[in-house]
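> here is a sequence together with a model predicted from it:
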Amino acid sequence: MSDFLNLSGKTILVAGVANKKSVAWVIAKSLEEAGAQVVYSVRSEARKKSLETLLAGKPVFICDVEEEKAVDRLAEQVRAAGHPVLHGLVHSVAFANYAEGFKSFDQTERKDYLQATAISSFSLVEMARAFKSLLARDASVVTIGISSLLVTPDNYGYMGPIKAALESTSRFLAKSFSAFSEVRFNVVGAGPLKTSASAGIPGYLESYLYAEKLTFRKRALSTAEVANAALFLLSPRSSGMNGTTLVVDAGLGSNAFDAEIVRLTMRPEQKPV
Ligand code: NAD
């Protein structure tokens with residue numbers, strides 16, 4: 001069963017490649033392996049330059065979503081460059097200002113919260129709106145959320161509520177686009193990964209290793225596993241899924257009472273049996 005996902009020949013815009021570890025890059029690479037044409041959108045000229053080798057010969061556009069109207073310009077440029085129809089959009093963009101290190105949630109500053117919301121959540125609305133006339137009637141839009149909106153990791157801080165807004169935004173877009181199309185909007189709810197975005201979270205390495213212990217299989221989630229779920233959502237094979245979140249967390253969200261974790265917490269002096 002070759003080309004099970006039917007992505008060959010499709011054109012898909014991927015926003016958010018920063019480097020080889022980016023979720024966006026792993027998605028883009030898999031899409032290209034599946035025969036899709038990927039159109040890239042990166043944050044800045046400097047980023048484009050740093051990606052010169054990785055993205056050599058591919059269509060790369062620049063769009064800083066913090067800038068008002070930047071996404072509208074991007075859509076125009078993509079169209080003018082000879083990509084009048086897109087079968088999918090990948091929104092893999094987020095930013096939070098952790099420059100001041102760990103702060104408790106109630107100390108969040110308004111400017112940080114609003115900036116992170118504009119970049120990490122509202123940009124999905126702007127992308128959907130700007131690309132509305134380029135999207136195929138049955139196109140698929142995928143964004144990358146987190147595996148659980150119910151947990152409250154201290155060091156993740158205000159990005160928790162902003163990811164909740166992203167997930168709800170995706171669902172509302174699914175509803176509003178249903179008035180004139182069958183464009184679908186879904187979220188991949190990813191568990192902790194090793195990327196440059198996560199490296200900026202204060203104390204992330206410990207959180208990542210802890211999350212690995214919480215997986216049922218005791219092996220960390222890989223970015224490729226998250227990318228595979230994104231490819232499924234981008235493909236017509238997921239046509240029945242809309243306005244939903246596909247959780248990819250290797251079970252960690254259901255494993256708070258794992259015997260090893262309980263022992264390490266309650267009896268740290270006791271050796272494992
Ligand atoms: P990454 O740093 O590789 O990707 C984040 C991207 O956002 C970068 O390409 C960056 O340039 C882009 N970006 C930031 N500000 C921007 C702006 N103003 N305009 C345009 N682009 C901007 O890290 P990643 O982990 O691949 O992150 C991709 C997505 O995956 C994010 O939404 C992130 O929250 C989500 N995610 C990551 C993890 C993880 O553990 N790494 C877990 C769950 C979800």
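Done, it's in. Numbers count the residues shown, from 1 in each chain.
> where do the strands sit along this structure?
Assigned by DSSP state E, the chain shows strands spanning 11-15, 37-42, 60-62, 86-91, 135-146, 184-190, 244-248.
> return the residues in contact with the most centrally placed residue in the chain.
For the chain, Ile144 is the residue whose C-alpha lies nearest the centre (C-alpha atoms, centre = their mean; 2.3 Å). Contact partners of Ile144, counting by C-beta atoms under 8 Å, 6 or more residues apart in numbering, are 16, 23, 91-92, 94, 187-188, 190, 226, 230. C-beta here means a position set from N, CA and C on the backbone, and glycine is covered the same way.
> one more time with 6 Å
23, 92, 188, 190 (C-beta atoms under 6 Å, 6 or more residues apart in numbering).
> then Thr195?
Taking C-beta under 6 Å, 6+ apart as the test, what Thr195 contacts is 21-22.
> before we move on, the earlier item: save the strands of the chain as a markdown table, and put in distance to Gly157 and mean pLDDT too.
Formatted as a markdown table, those follow (distance: least, C-beta to C-beta, whole Å; pLDDT from 0 to 100):
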| stretch | distance to Gly157 | mean pLDDT |
| --- | --- | --- |
| strand 11-15 | 24 | 98 |
| strand 37-42 | 26 | 98 |
| strand 60-62 | 29 | 98 |
| strand 86-91 | 21 | 98 |
| strand 135-146 | 13 | 98 |
| strand 184-190 | 18 | 98 |
| strand 244-248 | 21 | 98 |
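> turn these into a markdown table, including distance to the ligand.
Formatted as a markdown table, these follow (distance: least, C-beta to the nearest ligand atom, whole Å):
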| stretch | distance to the ligand |
| --- | --- |
| strand 11-15 | 7 |
| strand 37-42 | 7 |
| strand 60-62 | 9 |
| strand 86-91 | 8 |
| strand 135-146 | 4 |
| strand 184-190 | 4 |
| strand 244-248 | 9 |
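> who wins for proximity to Pro268 among those?
For the strands of the chain, proximity to Pro268 was assessed by C-beta to C-beta; strand 135-146 is nearest, at 28.3 Å.
> burial measure for Ile119, as a count.
Residues lying near Ile119 (other C-beta atoms under 10 Å) number 18.
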